[in-house]
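> Fold the following for me, if possible:
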Amino acid sequence: MMTPIDTQQSLLAQFADLKQIASNEVIAPSAVQDSSFSSDFTHVIRGINAEQNAASELMAAVDAGRSDDLVGAMVASQKASLSFEMLLQMRNKVMNGIDDIMRMSL
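The predicted structure is shown next:
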């Protein structure tokens, strides 16, 4: 059985992986420990939003005939979609962890 601290550390490790994937950069372990959860979460959400906006702009350019890069637009769209799905799965994991903590007897 995992303790609340183990659960929190596991969630933070998963969140660090999500942040690394969303920003496409390597994160040092000390950088994850120094930042707060809410600022990391805000950073990831803004990154995913930027990916979705970029994908929308690429698709709009293809639709308007300003660009012939249909493949690039579709790849950007799929990347944004996968990032959003990963964010939803991370949110579900966090909510499940919170529910588990709330169900624990004191």
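> The spatially most central residue of the chain - nearest residue in space that isn't next to it in sequence?
Nearest residue to the geometric centre of the chain (Cα atoms, centre = their mean): residue 87, 4.1 Å. Residue nearest to residue 87 in three dimensions, not counting chain neighbours: residue 48, with 5.6 Å by Cβ to Cβ, 6 or more residues apart in numbering. C-beta here means a position set from N, CA and C on the backbone, and glycine is covered the same way.
> who are the neighbours in contact with the one you found?
Residue 48 makes contacts with 22, 80, 83, 84, 87, as judged by Cβ atoms under 8 Å, 6 or more residues apart in numbering.
> Pull out the buried positions in whatever helix or strand residue 78 lives in.
For residue 78, the host element (DSSP states H and E) is helix 70-103. Under the neighbour-count criterion of 16 or more other Cβ atoms under 10 Å, helix 70-103 has 73, 76, 77, 79, 80, 83, 86, 87, 90, 93, 94, 97 buried.
> about what we covered before: what's the lowest-pLDDT member of the contacts of residue 48?
Least confident of the contacts of residue 48 in the model: residue 22, at 64.
> ok, so what distance separates residue 12 from residue 67?
Distance, residue 12 to residue 67, using Cβ to Cβ, to the nearest Å: 40 Å.
> er, residue 74 I mean
Counting by Cβ to Cβ - residue 74 and residue 67 are separated by 12 Å.
> and residue 104, how many residues sit next to it?
Neighbourhood size, residue 104 [other Cβ atoms under 10 Å]: 8.
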